[in-house]
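[1] based on what follows, work out the 3D shape:
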Amino acid sequence: MKKIIYQFCLNNHMNHFDMLNRISYLIDSYKTEIMPISEVMHKIDIFKDKDEMIFLDIIPFFLEPRILVFSFDDYQTEREMEKEITQKVLEFVENIVDPELTLVIKIEHNIPLTNEI
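    Model (predicted):
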């Protein structure tokens, strides 16, 4: 199984609402854009020797990341995942006390290996 990880770092956004908006856009486009493109990406061997690829935000080296991982496979609907992510982001923002700590949300998209691809 190959994996694409979409990574969102709170410090790379104007605020947590901006981050949640980008995450929401990704989740909304999952079935129409992300799932179909994964087959194409696999066919052109974009993974090469890697089992996973990370897209989007870089975590600044001077920050300590608190990483939360979510997978499309773990939820019956994308809305359930989006609701839980929103809840976790809001909890983090409400309780943050350390300016060197940042929240990182990773959303995994698993791509099963099949003979057809």
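[2] which residues are in contact with E84?
    By C-beta atoms under 8 Å, 6 or more residues apart in numbering, the residues touching E84 are 70, 75. Backbone N, C-alpha and C define where each C-beta goes, glycine included.
[3] just the element for it, please.
    helix 78-95 (DSSP states H and E).
[4] what residues sit buried inside that helix?
    In terms of neighbour count (16 or more other C-beta atoms under 10 Å), helix 78-95 has its buried residues at 78, 81-82, 85, 89, 92.
[5] what about it, average pLDDT?
    Mean pLDDT, helix 78-95: 96.
[6] report the distance from that helix to the chain centre.
    Distance of helix 78-95 from the chain centroid (C-alpha atoms, centre = their mean, to the nearest Å) equals 13 Å.
[7] and the next element down the chain from it?
    Assigned by DSSP H and E, the successor of helix 78-95 is strand 101-111.
[8] quick check: what element follows the helix or strand bottoming out on mean pLDDT in the chain along the chain?
    The least trusted helix or strand in the chain, going by mean pLDDT, DSSP states H and E, turns out to be helix 35-43, with a mean of 59. For helix 35-43, the following helix or strand on the C-terminal side (DSSP H and E) is strand 52-56.
[9] partners of the next helix or strand after that next one, with directions?
    Sequence order places strand 64-71 as the next helix or strand after strand 52-56, per DSSP H and E. Counting by DSSP bridges, the strands paired with strand 64-71 are strand 101-111 (parallel).
[10] what angle sits between the partner strand and strand 52-56?
    Interaxial angle of strand 101-111 relative to strand 52-56 (axes from the mean of the first three to the mean of the last three C-alpha atoms, to 10 degrees): 130 degrees.
[11] buried ones in strand 101-111?
    102-107, 109, 111.
[12] redo those residues as CSV? Include pLDDT.
    Formatted as CSV, the buried residues of strand 101-111 follow (pLDDT from 0 to 100):
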residue, pLDDT
T102, 97
L103, 97
V104, 98
I105, 98
K106, 97
I107, 96
H109, 87
I111, 78
